[in-house]
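> A structural model of the following input is requested.
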Amino acid sequence: MTVLTNVCKLLVGLFVDDGALALAIIVIVLLSWIVAAFFPDSPLLAGVVLLAGSLFVLLANVMKAAGRSPAKSQSNSQSST
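I've put the predicted structure just below:
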């Protein structure tokens with residue numbers, strides 16, 4: 001049973017490595033769906049919300065990952081010596 005649990009955790013980890021990123025993407029998709037439902041005559045608006053939101057979430061995740069990267073901590077330790 002433990003092996004099956006570990007395999008399931010690994011499979012989930014392949015698709016949802018960063019829970020905050022997955023949640024943010026779901027929120028952006030839902031927000032785009034809401035915009036499309038309230039403004040059915042302008043589907044371009046929903047597309048803009050989806051694109052801009054996705055790019056913002058991606059940029060925020062990359063900046064967060066860059067802040068905790070080992071390369072950055074090594075360069076900071078070398079410059080202080």
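> how about the nearest residue to the residue nearest in space to the middle of the chain, chain neighbours excluded?
In the chain, the C-alpha nearest the mean C-alpha coordinate belongs to Leu21, at 2.7 Å (C-alpha atoms, centre = their mean). In space, and not counting its chain neighbours, Leu21 is closest to Asn61: 5.0 Å by C-beta to C-beta, 6 or more residues apart in numbering. Where you see a C-beta, it was placed from the backbone N, CA and C, and this is true even at glycine.
> which element is the one you found on?
Per DSSP states H and E, Asn61 falls inside helix 43-67.
> so where's this protein shaky on pLDDT?
14-17, 69-81 (pLDDT under 70).
> relative to Gly47, how far out is Met63?
24 Å (C-beta to C-beta, to the nearest Å).
> before we move on, what about Arg68?
From Arg68 to Gly47 the distance is 32 Å (C-beta to C-beta).
> between the two, which one's more packed in?
A direct count of neighbours by other C-beta atoms under 10 Å for Arg68 and Gly47 places Gly47 higher, at 13 against 8.
> tell me who's in contact with Asn57.
One thing to correct before we go on: residue 57 is Val, not Asn. The contact partners of Val57, by C-beta atoms under 8 Å, 6 or more residues apart in numbering, come to 21, 24-25, 28.
> go through those residues and name the one nearest Leu51.
Proximity of the contacts of Val57 to Leu51 (C-beta to C-beta) peaks at Ile28, which lies at 9.5 Å.
> and the closest residue to Leu50 other than its chain neighbours, how far from Val7?
Leaving aside its sequence neighbours, Leu50 sits nearest to Ser32 (C-beta to C-beta, 6+ apart; 4.0 Å). According to C-beta to C-beta, Ser32 and Val7 sit 34 Å apart.
> more neighbours: which of the two?
Higher neighbour count among Ser32 and Val7: Ser32, with 20 against 10, using other C-beta under 10 Å.
> so that one is in contact with Ala52, correct?
No: the criterion here is C-beta atoms under 8 Å, and Ser32 misses it with Ala52 at 9.7 Å.
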